[in-house]
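# Quick one, structure for this:
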Amino acid sequence: MAIVFDTYAWVEFFNGTEKGKIVRKYLNEEDVLTPFIVLLELSYKAEKEGWNLKEHLNYIKTNSQIVGVNEKFILTFGKFYNTIRKKIKKIGITDVIVLHTSILNDAKVLTGDKHFEKTGRAVLL
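Below you'll find the predicted structure:
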């Protein structure tokens, strides 16, 4: 089974928290996908908190598949975004991108973000 890691999962992992230990289990047992948008959020976090982004990025590239945007993603995103925003009012575009990535890859989302609870795709930390 594939599982999409959102930013929350990677942050917990890199911070070495108790939830990060659960994340490690998924890294060892599942095919991990990391959406490009998560890397952008991690870049912001690294700058803010003084992380070594290059080191973290190398780890992510080695231990997961980076998932970008393709034509199918683009052509289906608008309708998906508008539909999901009607169901989950305060979900942001980043979370919708992560969720859409999970749907297109028939995967769950590893997260601690409560927005994902109502999607049927969440594996909550």
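# What ranges does the protein have for its helices?
Here the chain has its helices, by DSSP state H, at 7-15, 18-29, 36-49, 53-63, 71-87, 93-104.
# got a list of what the closest residue to residue 91 other than its chain neighbours touches?
Spatial nearest neighbour of residue 91, chain neighbours left out: residue 115 (4.6 Å); criterion: CB to CB, 6 or more residues apart in numbering. Every residue, glycine included, has its C-beta placed from N, CA and C. For residue 115, the contacting residues are 88, 90-92, 95, by CB atoms under 8 Å, 6 or more residues apart in numbering.
# And for residue 16?
Residue 16 neighbours (CB under 8 Å, 6+ apart): none.
# per-residue confidence at it?
pLDDT for residue 16: 95.
# what do you get for residue 105?
For residue 105, the predicted pLDDT is 96.
# before we move on, what about residue 89?
pLDDT at residue 89 comes out at 88.
# Can you name the residues that contact it?
No contacts exist for residue 89 under CB under 8 Å, 6+ apart.
# Got the phi and psi for it?
Phi and psi for residue 89, reported as degrees, to the nearest 10, are phi -60, psi -40.
# Would you list the phi and psi of the nearest residue to residue 118 once chain neighbours are set aside?
Sequence neighbours aside, residue 88 is the residue nearest to residue 118 in space, at 5.8 Å (criterion: CB to CB, 6+ apart). When read as degrees, to the nearest 10, the backbone of residue 88 gives phi -130, psi 90.
# Equivalent analysis for the one 4 residues further on, please.
For residue 92, the backbone dihedrals (degrees, to the nearest 10) come out as phi -90, psi 170.
# just use 440 as the starting number from now, easier for me
Got it, first residue is 440 now, which makes that one residue 531.
# In contact with it, which residues?
Contacts of residue 531 by CB under 8 Å, 6+ apart are residue 554.
# Now with 10 Å, please.
Residues in contact with residue 531 (CB atoms under 10 Å, 6 or more residues apart in numbering) are 524, 537, 552, 554.
# try residue 508
474-476, 516, 536, 539-540.
# quick one: residue 451 from residue 522, how far?
Using CB to CB, to the nearest Å, we find residue 451 at a distance of 29 Å from residue 522.
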